[in-house]
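[1] Next comes the sequence, and after it the predicted model I'd like to discuss.
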Protein chains: 4
Amino acid sequence: MKNQPPGHTGRHFLQIPGPTNVPDRVLQAIAFPTIDHRGPEFAELGKDVVAGMKRVFQTEGTVVIYPSSGTGAWEAALVNTLSPGDRVLMFETGHFATLWRQMATRLRLDIEFVPGDWRHGVDPAQVSEKLATDREHRVKAVCIVHNETSTGVTSRIPEIRAAIDRARHPALFMVDTISSLASIEYRHDEWGVDAVSDKAMAAAKTAKSVRSYWDWQAMQETGHTGFFPYTPATNLLFGLREALKMLLDEEGLPTVFQRHARHGEATRRAVKAWGLEVLCAEPREYSNSLTAVVVPEGHDADRVRDIILDGFDMSLGTGLGKMKGKIFRIGHLGHFNDLMLCGTLCGVEMGLHRSGIPHRAGGVAAALEFLGALDTA
Amino acid sequence: MKNQPPGHTGRHFLQIPGPTNVPDRVLQAIAFPTIDHRGPEFAELGKDVVAGMKRVFQTEGTVVIYPSSGTGAWEAALVNTLSPGDRVLMFETGHFATLWRQMATRLRLDIEFVPGDWRHGVDPAQVSEKLATDREHRVKAVCIVHNETSTGVTSRIPEIRAAIDRARHPALFMVDTISSLASIEYRHDEWGVDAVSDKAMAAAKTAKSVRSYWDWQAMQETGHTGFFPYTPATNLLFGLREALKMLLDEEGLPTVFQRHARHGEATRRAVKAWGLEVLCAEPREYSNSLTAVVVPEGHDADRVRDIILDGFDMSLGTGLGKMKGKIFRIGHLGHFNDLMLCGTLCGVEMGLHRSGIPHRAGGVAAALEFLGALDTA
Amino acid sequence: MKNQPPGHTGRHFLQIPGPTNVPDRVLQAIAFPTIDHRGPEFAELGKDVVAGMKRVFQTEGTVVIYPSSGTGAWEAALVNTLSPGDRVLMFETGHFATLWRQMATRLRLDIEFVPGDWRHGVDPAQVSEKLATDREHRVKAVCIVHNETSTGVTSRIPEIRAAIDRARHPALFMVDTISSLASIEYRHDEWGVDAVSDKAMAAAKTAKSVRSYWDWQAMQETGHTGFFPYTPATNLLFGLREALKMLLDEEGLPTVFQRHARHGEATRRAVKAWGLEVLCAEPREYSNSLTAVVVPEGHDADRVRDIILDGFDMSLGTGLGKMKGKIFRIGHLGHFNDLMLCGTLCGVEMGLHRSGIPHRAGGVAAALEFLGALDTA
Amino acid sequence: MKNQPPGHTGRHFLQIPGPTNVPDRVLQAIAFPTIDHRGPEFAELGKDVVAGMKRVFQTEGTVVIYPSSGTGAWEAALVNTLSPGDRVLMFETGHFATLWRQMATRLRLDIEFVPGDWRHGVDPAQVSEKLATDREHRVKAVCIVHNETSTGVTSRIPEIRAAIDRARHPALFMVDTISSLASIEYRHDEWGVDAVSDKAMAAAKTAKSVRSYWDWQAMQETGHTGFFPYTPATNLLFGLREALKMLLDEEGLPTVFQRHARHGEATRRAVKAWGLEVLCAEPREYSNSLTAVVVPEGHDADRVRDIILDGFDMSLGTGLGKMKGKIFRIGHLGHFNDLMLCGTLCGVEMGLHRSGIPHRAGGVAAALEFLGALDTA
């Protein structure tokens, strides 16, 4: 806030697809005075957040909480269950899938990286096919990014699970839920995801990857004792507890998912009305937490973003990796509502105009027609 | 926040014309630990806020700070300068002017209340005329609401000053700046306003109204010593200091005024595009801090407001006094920016639709055209 | 915090007898985003705080909440119930009783001010006697400061009530509870205090004092509707609601009173062990919210305070009015506990030493003996 | 705060040796709205905190910031510079040194763990001797905990550096500064510590340990660009920036160190006056950030801690590992001052009394004598 450019006032619109707008109540909670991480009050906190996260993941199994970004959780999933040289099946759905591959390489895994066009999710048929050819069960894990934050494409996890089952393949099934969790439906147990599952914990017993900080073994007691194996980020856990209360006890996960679906739909209608293209080519795979918009050839998406940031104090997501300059991404997830979305889409429409991007003007109008309809509330 | 209706999420849109959206930095400042109101740290605070308020009022004279709402400041202006039975000239510009009259009645002043239609500001010619007939100078004060918060009409203070001068009348000139200060230009010294001025302080020496809490005498030392005559609302002063820093040192008052003018214009363009009427009938008197919108006969403005509150989590101002049910008011002042205004106007447009108010749909589009133009930034 | 003198760190010890240490939760609550003061969420807030304040006052009657300091509540009590020229009986218990007298003078009441030595509370026998001589019932109100914040003396309200009753005198009974409320037992209804009571509200119907802002009439609806007659200080009410929750639902008033009694006793033991004198000369009237300590002749109490502020970052109360330089005051009220009191007393003991005040060193030790005993918890 | 046991009020005394009392300003800073971690405002933040941390470490070299606890930084130091099978020299100074050894084992290093009695720091002569016998330079790193948080013993880093140099041994020198940094003098460059140093970065080029999240390579750009290789914990960095301002620009590191020295000395005087033993057996190695107190044989230190937590709402550090039940630890570091220390020591003295621990009563008095003396300010 303190470095806000002169002339800017009011709330910044943080419409990157994460970190998202954080509720004031959560911000206040992370500002509570720190407590003794070995005392009885902390034990309650630790147990509460693990119990809440189980409800978010829709799992009865183990949940592990790190203070790291999702990158740390990826590493934990790989080093706890696999050994150097193990083969993993990965899919090039976008930038984050590519980064995960890079990490797996550093961890000396043997990666089969199935190429993709960054406009589709993982094809369940292809999963089935790849595994069917792996007669010797050399593939130890199938790694999927549920919601590709770089592209706005959501892979169909239950269909991929079915594909693995169809191939009768014993590989672990690992899913990155970084930008889908608590905004797009995700059912850990029902969909048979393994990181973390009993099957994954069993694999952890023989996995030979070197690990210490990320070791699940020490972490899995937290749900029972409330304590962590090393000094926890207590203040972040205060915030997590408040966020869980809002998500689970106040708004309720089904309403949260419905809200994101509504905002995704309104955004896509705006994009289409502008005459622009949504990056995601497969309607079944449209992401409800963000929408990547393709800028016409010969135009620079980052220039649009800069003009919007300077002129309207809104941050949009940049094109990552090979999408650099070709797309911008609109986050419509987190602590968000209809009028914040409207402000966001207005900012984009005015930004397109100011940047000279060829487009039609009715995007906001299309969104208003959808959001304002009497029977969609 | 805690009582937010189920299903609501994201930031509430507080678009009443005050209290306004408060910047996070100001909210954080009022949460600083309270300090000794007789210690050296407080003295700095007290002197800082008085000095800052002088810059906001554009005055070299005395500034008095109460923890009360503007109602208290009104009372202070009347009881410090007048005696029971004194004649004051007041104008029915709207609800707040009427309440001020009611207060003056309670304080046993002799009020001439010039009727008005709630759609115009005070007519300088009428002021001149009224005073010209007062040969014996029985009128002791002319009381004007600068920006009528109930109607969105801004009276032309410099022209009224000129009218008083033209009449060569010695009456005190009192101006209510509650919803104009720091959003619409106001020049206390240049415009010759008396509450508080040297002339008003001189009047205070002989004024016979009973007063204690509101007495200016005790208060006027604060600018020099930093201390208050009774226990101050320290935490609110922390907030005021931060707000002054933002207004004066960061955004700068001229930019603040320009921003409010821009948002007032965009809002009026939207209202006109909807085919609705702005309550203010005189373009020279359009308020830049709020816009009152007339709902067509046979429709209830409060029903529109309820539908917008329930459906889009936005609070709009109700019609006060005789405007009850006939208008709603859009606040576009305070800690505000283009995209917050856009969200606001989208909420109104959707609310008009849902309420079945006859209107055209292009209001938001008209605002976007204005705000998005390349040369208005 | 930002102006903290260089070299200072850690929490400031705010041991003036009000404003007191404010709980972090209350500070956070006053930093919630402001809401519409005419909306349904506010109505709940308004009703909640009035209901809570009734429990704090131990009354079934009307409670009126102003954003002002206690000075405003004093003025409200006088102008709502009395007419200029009415006789009131006041007692010189200290600086605040003297200020109240000064206010009554400004409000043109006819004051009988019974002199006092600032070391005793109001003598019930004297009340009885004064009223007994008033055969014509010219005295309209008896005004008592419950806990004299300038001296640390608590007048015995129930005994004074009995004295008024004994004299069969119809005067209103007004009590200032500014520094006793919610720290020292106060029973509004049981003790027959009138401001505000049905009897006081009846008096308000005929009282001729001029009033507007302070008028109870408009205010008394808040308990039913939750709304205020003029724009309320919403954020302060957020804080009040949180404070009420802590006082009434969590700690509980009886425990709060017991805690203050315990800390008062510990402090007085320390003062006596230092060989210094408590200003209050009557043990039955020792205040549990603050202790005024007499500095030996020839020494300046304010120098001690300065040395303690500079050396140990603790604010103590100064001697007010005719006690200037003769005493300092230790606040032991508010959001406070045993170890904060211990830190406070250690600061005083070291400050006495550094100032060269003749004293013995065992004050802290005496407090520890009392607080640390196994059976006082 | 919300789970505080009934009857507790006021500030909790968090006197564990970390996490410490966090300044309100830092808590407020971590509650600022999150910003775009790829935007220009973030770039300033990233560069600021790296520049500030260099001043804290007293280094011109690279600084790497993780959101993890110190455990993560340990792992980073080992995996970036060493290869499985590499020999490291470690010293059993206490529980954290033992945990570090455990981690090194998991990372498949070859550890020589020199036994210790948990009452002394690392003996420089022993370092010299161990290295002198390592003719083949098989030892790749010497790993030292600067301030053993489990024992309150501070090893003499410059003397150990000299010992390594005396042995003309090329091993890397790694120092854990978790509970010493910014409370006890630490000079990274002057003392020739290697994690991170140019020598360490050179070692990183050939080190074969598997690493991804902890990789320094990606991290070292942050000082130049302000950006992080994966999504950073933005809100924690807001807090870090505020803390750095307080430490470096307001109090100043030399004053911070002097303050901790003063509080360490006062605490040890109290312990000795109680007739109890400080765990640290070597006065040159007394820690200034915490003091471990030995409870007499036959008494349970954790019972003392429980009695103090229940009775006085203060958290003390438990005995870790083989010190379980034998000691308690008093943290006197962080956002702390004389009167907070006094409250702490009073709580300990009363707790010793309530627990029936044989001791003399004058501990607080001894601390007051030291802290209150005129010439120690």
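    It's in. Residues are numbered from 1 along each chain as shown, chains lettered A, B, ... in the order given.
[2] correct me, but residue A:118 touches residue A:285?
    No - under the criterion of CB atoms under 8 Å, residue A:118 is not in contact with residue A:285, lying 12.0 Å apart. For every residue, glycine as well, the C-beta is placed using N, CA and C.
[3] Give me the neighbour count for the closest residue to chain C within chain A.
    Among the residues of chain A, residue A:28 lies closest to chain C, at 5.1 Å counting by CB to the nearest CB. Residue A:28 has 25 neighbours, counted by other CB atoms under 10 Å in any protein chain shown.
[4] In this structure it contacts residue C:28, no?
    Yes - under the criterion of CB under 8 Å, residue A:28 makes contact with residue C:28 at 5.1 Å.
[5] confidence score at residue A:344?
    For residue A:344, the model assigns a pLDDT of 98.
[6] One more: residue A:218?
    88.
[7] That one and chain B, how far apart?
    Counting by CB to the nearest CB, to the nearest Å, the gap from residue A:218 to chain B is 36 Å.
[8] I figured that residue hits residue A:211, correct?
    No - using CB under 8 Å, residue A:218 makes no contact with residue A:211, being 10.2 Å away.
[9] So between the two, which is more surrounded?
    The neighbour comparison of residue A:218 against residue A:211 (other CB under 10 Å) goes to residue A:211, with 21 against 14.
[10] Can you tell me which residue is spatially central in chain A?
    residue A:179 (1.2 Å; CA atoms, centre = their mean).
[11] Find the nearest non-adjacent residue to residue A:321, please.
    residue A:95 (3.9 Å; CB to CB, 6 or more residues apart in numbering or on different chains).
[12] And residue A:296, by the same measure?
    Spatially, and ignoring its direct neighbours in sequence, residue A:296 is nearest to residue A:358 (5.8 Å; CB to CB, 6+ apart).
[13] Does the one you found touch residue A:297 like I think?
    No - Residue A:358 is beyond contact range of residue A:297, at 10.4 Å (criterion: CB under 8 Å).
[14] Comparing those two, which shows the higher neighbour count?
    Legend: neighbour count by other CB under 10 Å for residue A:358 and residue A:297, higher for residue A:358 (12 against 6).
[15] did I read that right, that one in a helix?
    No - judged by DSSP: H, G, I helix; E, B strand; the rest coil, residue A:358 forms no part of a helix; its state is coil.
[16] ok, it to residue D:309 distance?
    68 Å (CB to CB, to the nearest Å).
[17] ditto for residue A:336
    42 Å.
[18] What of residue A:311?
    55 Å.
[19] Settle it for me: which of the two has more neighbours?
    Set side by side, residue A:311 and residue D:309 show more neighbours around residue D:309, with 22 against 18, by other CB under 10 Å.
[20] For the more buried one, which non-adjacent residue is spatially closest?
    residue D:315 (6.1 Å).
[21] what's the neighbour count on the one you found?
    There are 21 residues near residue D:315, going by other CB under 10 Å.
[22] bridging residues for it?
    residue D:14 (DSSP bridges).
[23] Could I get the average pLDDT for the longest helix along chain A?
    Longest helix in chain A, counting residues (DSSP state H): helix A:253-273. What helix A:253-273 shows for mean pLDDT is 98.
[24] Okay, residue A:267 and chain B: tell me how far apart.
    14 Å.
[25] residues from the stretch 1-150 of chain A in reach of chain D?
    Counting by CB under 8 Å from any CB of the partner chain, the stretch 1-150 of chain A comes close to chain D at A:1, A:3-4, A:11-12, A:14, A:16, A:18-22, A:27-28, A:30-39, A:41, A:44-45, A:67-72, A:75, A:84, A:103, A:106-108.
[26] residues in contact with the residue lying closest to residue A:21 once chain neighbours are set aside?
    Among residues not flanking residue A:21 along the chain, residue A:335 sits closest, at 4.6 Å (CB to CB, 6+ apart). Contact analysis of residue A:335 by CB atoms under 8 Å, 6 or more residues apart in numbering or on different chains lists A:20-23, A:26, B:9-11.
[27] Return the closest of those residues with respect to residue D:279.
    Distances from the contacts of residue A:335 to residue D:279 were compared by CB to CB; the smallest belongs to residue A:26, at 40.6 Å.
[28] Next, the closest one: phi, psi?
    phi -70, psi -40 (degrees, to the nearest 10).
[29] do the one 3 residues further on as well
    When quoted as degrees, to the nearest 10, the phi and psi of residue A:29 stand at phi -60, psi -40.
[30] Report the separation between it and residue D:237.
    For residue A:29, the distance to residue D:237 - CB to CB - is 18 Å.
[31] can you check residue A:252 too?
    Counting by CB to CB - residue A:252 and residue D:237 are separated by 33 Å.
[32] Just want to know which of those two has more residues nearby.
    Counted by other CB under 10 Å, residue A:252 and residue D:237 do not tie: residue D:237 has more neighbours, with 23 against 14.
[33] ok, the helix or strand harbouring the more buried one near chain B or not?
    Assessed by DSSP states H and E, residue D:237 sits inside helix D:234-244. No - contact of helix D:234-244 with chain B (CB under 8 Å from any CB) is absent, the minimum separation being 11.6 Å.
[34] is any part of that helix close to chain A?
    Yes - Helix D:234-244 reaches chain A (CB under 8 Å from any CB) through D:234-236.
[35] for whichever strand or helix holds residue A:291, packing partners?
    Using DSSP H and E, residue A:291 sits within strand A:290-294. When contacts are defined as 3 or more CB pairs under 8 Å, 6 or more residues apart in numbering or on different chains; DSSP states H and E, strand A:290-294 sits against helix A:253-273, strand A:277-278, strand A:327-331.
[36] 6 Å instead?
    Helices and strands touching strand A:290-294, as assessed by 3 or more CB pairs under 6 Å, 6 or more residues apart in numbering or on different chains; DSSP states H and E, comprise strand A:327-331.
[37] and the strand it packs on, how far out from the chain's middle?
    Taking CA atoms, centre = their mean, to the nearest Å, one finds the center of strand A:327-331 at 14 Å from the center of the full chain.
[38] Compute the inter-axis angle for it and helix A:253-273.
    150 degrees (axes from the mean of the first three to the mean of the last three CA atoms, to 10 degrees).
[39] tilt between strand A:327-331 and strand A:290-294?
    Relative orientation of strand A:327-331 with respect to strand A:290-294: 160 degrees, computed using the same axes, to 10 degrees.
[40] Please enumerate residues in contact with the helix or strand just after strand A:327-331?
    Stepping forward along the backbone from strand A:327-331, the first helix or strand reached (DSSP H and E) is helix A:338-355. Outside helix A:338-355, the residues that touch it by CB atoms under 6 Å, 6 or more residues apart in numbering or on different chains are A:13, A:15, A:263, A:270, A:303-304, A:307-308, A:312, A:314, A:332, A:359, A:363-364, A:367, A:371, B:10, B:13, B:312, B:339, B:342-343, B:346-347, B:368, B:372, B:374.
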